[in-house]
Structures are given as structure tokens and as C-alpha cells.
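Engineer: okay, here's the prediction I keep looking at, along with the sequence it came from:
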Amino acid sequence: MGKEDKDNYSFIQRTIENLKAVGVKSTQIIVTVTTEEQKELAMQHCLPHGVLSQNIIQLDPNLGYPGNMVYAGDFVYGMDPDGVVVNTPADQYVVGENFATTVKTAVESAVDGDAVIVGVKIGDIVTAMGCGHAIYDEDGGPCYKVTGFVEKPDAKLADKIMRESNSACNTGINVWRAGLICSKFPSYSDYFGIDTDTFLKRIGDLKVAVGTFMWYDCGTLESLYMISRKTPNHKNASIGIGDSVRVGCRRSLFYAGEGMELHANGCEDVAVVFSVINEKPIVVVAKRSESQKIKFLAGDYYRHEGILEDDFSMGARNNMILCSNVSEELIVGFVGVENYAVYVERDRDGKLTAIVSQQLTHS
């Protein structure tokens with residue numbers, strides 16, 4: 001396919017093509033999802049890239065990523081006891097030939113019996129604050145013994161870690177023999193809800209293959225902004241399948257859900273999300289450099305089956321929610337921003353429109 005086609009790949013399609021570049025056959029790729037909707041989308045996105053329908057498997061959402069890795073090990077072991085598993089999240093943006101080289105190095109080490117994580121050197125402090133880091137012994141190689149982990153450091157510690165030569169961002173890509181995982185975790189069904197730290201400690205000695213490719217974990221709005229196409233002058237980006245209208249905005253990311261309309265005025269260096277959760281309209285205005293904090297809000301939402309307050313604020317001040325005909329159901333959040341106003345209304349046909357404006361102006 002041409003470059004334009006590749007630019008339009010979804011994250012999971014990019015992941016499949018990256019694995020194929022490593023030498024993994026498309027018929028050897030297993031995709032796990034947690035809902036019927038995800039399975040249907042996975043079929044649409046993966047089958048054209050050679051993935052087999054029987055390799056797209058729906059699992060219990062409570063299993064978690066570690067549980068998925070145990071399941072994958074068990075699945076592969078049933079087909080090939082000597083098989084090597086490359087576990088990777090699908091929401092990553094990877095560019096660079098060094099990715100294939102790094103994963104191949106990890107696979108070669110796994111063939112020899114090692115459990116290997118794939119790490120990457122990064123130069124962006126926001127990304128560094130949003131991911132975990134492996135600390136390793138620089139002796140030996142090409143894969144290095146992991147001596148510790150640092151999880152999502154603050155800005156000061158992230159800066160220190162990035163300047164040290166014996167650390168790498170943990171991409172969440174793990175490589176090992178299926179038999180090794182089966183020996184550590186005899187039944188995947190026994191490991192619902194296991195956290196990643198417990199999982200890695202249970203495995204024991206780990207090694208890291210360190211790469212220098214471009215990598216973004218697209219679980220944050222900042223990462224989505226970094227990889228999105230931007231307008232040439234003001235560097236704004238829009239995602240989602242709703243409508244976005246921008247006036248006087250710079251270096252910002254806008255998301256509108258299906259059938260929704262988002263108007264933005266004077267926004268700078270922010271991410272604005274307009275969506276619906278449990279039939280309630282929600283607007284989040286976050287400073288791009290602090291957008292990783294939204295993960296905490298999402299965590300609270302899933303733990304408590306809802307946001308505890310109808311409006312929330314994290315490190316923000318002088319912001320305003322203007323009255324509308326959806327004020328009783330509206331959820332609005334401000335993260336790290338000042339002097340923003342949000343107004344949302346529903347028209348007679350049920351269409352939702354949001355206006356997000358800086359300087360507390362509204363028209």
C-alpha cells in the first residue's frame with residue numbers, strides 16, 4: 001500500500017503491520033478484545049491484514065492486560081509448546097526500522113529462555129511522565145538485566161531518569177516462550193485482576209531490549225495530539241467523528257463524538273473532549289502537558305461507576321460553566337487551565353452542541 005493508505009491505518013492495523021515487519025506471520029497474530037463491539041471492529045480492521053477470524057478472541061474485561069498475556073501464553077502453548085509470544089498493546093504509535101531490530105533481539109533472547117520487555121529511549125518529558133521505566137545493568141547485552149522499575153515519575157524524577165544511560169521507557173511489549181508463562185501461571189482464569197507489578201515479579205528475572213524508535217503510548221491526549229495531522233499555521237488537530245469548529249485556536253487537540261458539534265474559541269495548548277458517558281454529555285478541557293492526569297479521572301469513573309461530582313477541577317482556576325438546557329446532566333472537567341468557559345445545549349432534534357471559550361467570553 002502507498003504512504004497515504006498507511007497514514008490512514010488504525011492503531012491496531014499499524015500494530016499488525018509492525019509485527020509483520022518483525023517477521024510474524026499474519027496467521028500467527030492473536031487479537032484479544034473485551035466486548036462484542038470491539039470484536040466486530042477488530043474483524044473489520046484485522047481480517048483485511050491477514051489475521052484469522054478464529055484468532056480474534058473476546059475475553060472477560062476483568063482479566064486485565066496481565067491476564068490477557070497469561071491467556072495468550074496458554075493459547076500459543078496449545079499450538080506450539082516451543083512458541084515465543086510477543087505481547088503488545090494495540091494503542092501504540094511506533095515509527096522506525098529500529099523497532100523491528102529491537103523486537104528481533106528480544107525474540108532471540110526469549111528463544112534462549114529469557115523473559116524480555118521491550119524498552120525505548122525517549123526525549124519527550126511529558127511522555128516520560130506518563131509511562132513506566134525499566135532500570136537496567138549496562139553490563140552484558142544485547143539484552144540487559146532489569147534491576148528495577150520506576151512508575152510514572154513526576155517532572156523532576158522524569159528529567160533525571162531521561163538523562164541517565166541505564167534506563168528505558170517500558171513500552172508494555174513483552175517477549176517470552178509460551179512454556180515459561182504456563183509454568184509460572186498454570187491457569188489464566190486464576191489471575192483475574194492481577195496488577196502488572198505483581199505479574200512481572202511472579203515471572204522473576206527480566207531482561208530489556210532497548211530501542212531508539214519513535215514511540216507514543218496513545219492512552220493520553222497529548223500523545224494523540226503528537227501523532228495527529230495538524231493545520232499548517234496554527235497547529236491544531238481534530239479527531240473523532242463529530243464536527244469541530246475552531247476560531248483563534250492554537251496548538252490544540254479537539255475531539256467530538258458522533259453526532260455532536262464542538263465550537264472552540266481562543267483555545268491554546270489544550271485538549272478539548274466532547275463526548276457522552278452513560279447518556280450524560282461530558283466536556284473536558286485540559287492543558288496538553290497535563291492531559292495524563294485524565295487517567296486518574298477515568299480510573300475514578302470505573303471504580304465508582306460514575307464521576308463523584310457533576311463538575312471536577314484539577315489544578316485549574318477561574319473557569320466557568322454557563323447555564324444550559326442540559327445543566328442537570330452535564331459533566332464538565334477542567335485540568336490545569338485558567339479562564340475557560342463551557343456551554344452545552346441540546347436542540348429540538350436532540351443534537352448536542354458545546355462551546356468552549358477562553359477569556360470567559362461566550363456568544
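Structural biologist: Arrived safely, thanks for sending. Numbers count the residues shown, from 1 in each chain.
Engineer: OK, contacts around His49?
Structural biologist: Contact analysis of His49 by CB atoms under 8 Å, 6 or more residues apart in numbering lists Gln13, Ile16, Glu17, Lys20, Ser26. Quick note: C-beta positions are derived from backbone N, CA and C, even for glycine.
Engineer: which of the residues you listed are buried?
Structural biologist: Among those, those classed as buried by 16 or more other CB atoms under 10 Å are Gln13, Ile16, Lys20, Ser26.
Engineer: could the residues you listed go into JSON lines alongside secondary structure and pLDDT?
Structural biologist: Formatted as JSON lines, those follow (DSSP: H, G, I helix; E, B strand; the rest coil; pLDDT from 0 to 100):
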{"residue": "Gln13", "secondary structure": "helix", "pLDDT": "92"}
{"residue": "Ile16", "secondary structure": "helix", "pLDDT": "94"}
{"residue": "Lys20", "secondary structure": "helix", "pLDDT": "93"}
{"residue": "Ser26", "secondary structure": "helix", "pLDDT": "94"}
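Engineer: closest to Asp159 out of the contacts of His49?
Structural biologist: Within the contacts of His49, proximity to Asp159 (CB to CB) peaks at Glu17, which comes in at 33.8 Å.
Engineer: output the contacting helices and strands for the host helix or strand of the closest one.
Structural biologist: Using DSSP states H and E, the element containing Glu17 is helix 11-22. Counting contacts by 3 or more CB pairs under 8 Å, 6 or more residues apart in numbering; DSSP states H and E, helix 11-22 is packed against helix 36-46, strand 92-95, helix 98-111.
Engineer: neighbouring strands for the following helix or strand past that helix, and are they parallel or not?
Structural biologist: Going down the chain from helix 11-22, the next helix or strand is strand 31-33, by DSSP H and E. Next to strand 31-33 in the sheet, as set by DSSP bridges, lie strand 56-58 (parallel).
Engineer: list the buried ones in the strand it pairs with?
Structural biologist: Buried residues in strand 56-58 (16+ other CB under 10 Å): Ile56.
Engineer: quick one: distance of the next helix or strand after that strand to the chain centre.
Structural biologist: Proceeding N to C from strand 56-58, the next assigned helix or strand is helix 64-79, under DSSP H and E. Helix 64-79 has its C-alpha centroid displaced from the chain centroid by 21 Å (CA atoms, centre = their mean, to the nearest Å).
Engineer: just checking, what packs against helix 64-79?
Structural biologist: Using 3+ CB pairs under 8 Å, 6+ apart, the elements in contact with helix 64-79 are strand 31-33, strand 84-87, strand 167-177, helix 178-184, helix 196-203.
Engineer: and Met214, what does it touch?
Structural biologist: Tyr93, Val94, Val95, Gly96.
Engineer: need the buried ones from the residues you listed selected in PyMOL.
Structural biologist: Selection of the buried residues among those in PyMOL, burial being defined by 16+ other CB under 10 Å:
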select buried, resi 93+94
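Engineer: save the contacts of Met214 as a markdown table, and put in distance to Met43 and pLDDT too.
Structural biologist: Formatted as a markdown table, the contacts of Met214 follow (distance: CB to CB, whole Å; pLDDT from 0 to 100):
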| residue | distance to Met43 | pLDDT |
| --- | --- | --- |
| Tyr93 | 23 | 86 |
| Val94 | 23 | 89 |
| Val95 | 26 | 86 |
| Gly96 | 29 | 85 |
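Engineer: nearest to Arg246 among the contacts of Met214?
Structural biologist: Nearest to Arg246 among the contacts of Met214, with distances taken as CB to CB, is Tyr93, at 23.5 Å.
Engineer: so where's the protein uncertain?
Structural biologist: Confidence mapping of the chain against pLDDT under 70 gives the ranges 1-8, 187-193, 295-311, 360-363.
Engineer: apart from its chain neighbours, what residue comes closest to Ala128?
Structural biologist: Ala158 (4.1 Å; CB to CB, 6 or more residues apart in numbering).
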